[in-house]
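Q: please work out how this folds:
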Amino acid sequence: MMQISESNNQRHSLFSAMNRFIGAVNNMDQIVMVPSLLRDVPLEYEEEKDEVNNAVVLTGGNGAASYLTDRDMYSYYVLLKSIRNDIEWGVLQQGDDRKKEKLSTAVDICRVGPEEEDENLQKQFHFHLSGLHTVLSKLTRKANTLTNRYKQEIGSWGQ
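A: Residues are numbered from 1 along each chain as shown. Below you'll find the predicted structure:
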């Protein structure tokens with residue numbers, strides 16, 4: 001009984017979300033044998049007009065809406081692989097970017113007291129952790145969608 005509860009909690013961990021994303025991209029990478037076939041092939045969605053933002057909302061089969069640019073499957077393939085590599089190997093920052101980031105952080109820390117700083121850090125951590133988990137879940141769905149669409153396209157081309 002305890003093991004079921006732990007596995008349910010672990011399912012919502014950042015580590016599990018990263019593993020699911022990396023697994024989905026690895027699966028996509030194994031199935032997509034000829035990535036160039038993905039060029040100019042859109043991910044097919046039902047289109048709805050968003051009157052507020054005057055944009056096209058693309059709704060997938062799971063009902064989740066996302067605002068997407070005019071990317072083809074190849075662009076998503078490259079993007080997903082790039083993000084996977086960043087997760088696995090880390091992101092290299094340029095020297096100037098690191099200096100600006102440190103300076104900005106130092107200025108922000110000077111504005112608040114030590115107790116407020118700890119509270120802000122915890123709030124910031126939870127905010128970014130939640131956001132990262134959400135983004136990884138969306139990227140995982142995107143990798144799975146791309147894989148399934150590739151399988152459909154290969155099936156229709158082979159007939």
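Q: so where's the chain uncertain?
A: Residue ranges of the chain with pLDDT under 70: 1-8, 44-70, 93-115, 156-159.
Q: the helices in it, which residues?
A: Counting by DSSP state H, one finds helices in the chain at the ranges 2-11, 14-31, 73-89, 95-111, 114-157.
Q: from residue 128, how far off is residue 121?
A: With distances taken as C-beta to C-beta, to the nearest Å, residue 121 is found 11 Å from residue 128. (Glycine included, C-beta is placed from N, CA and C.)
Q: equivalent analysis for residue 82, please.
A: 20 Å.
Q: check residue 139 too.
A: Relative to residue 128, residue 139 is positioned 16 Å away (criterion: C-beta to C-beta).
Q: those two: who's more crowded?
A: Here residue 139 and residue 128 are compared on neighbour count by other C-beta atoms under 10 Å; more neighbours surround residue 139, at 21 against 10.
Q: what sits against the more buried one?
A: Neighbouring residues of residue 139 by C-beta atoms under 8 Å, 6 or more residues apart in numbering: 21, 80, 83.
Q: nearest to residue 39, of the helices of the chain?
A: Residue 39 lies closest to helix 73-89 among those, at 4.5 Å (C-beta to C-beta).
Q: could you list the buried residues of the closest one?
A: Neighbour counts over helix 73-89 (16 or more other C-beta atoms under 10 Å) mark 73, 74, 76, 77, 80, 81, 83, 84, 87 as buried.
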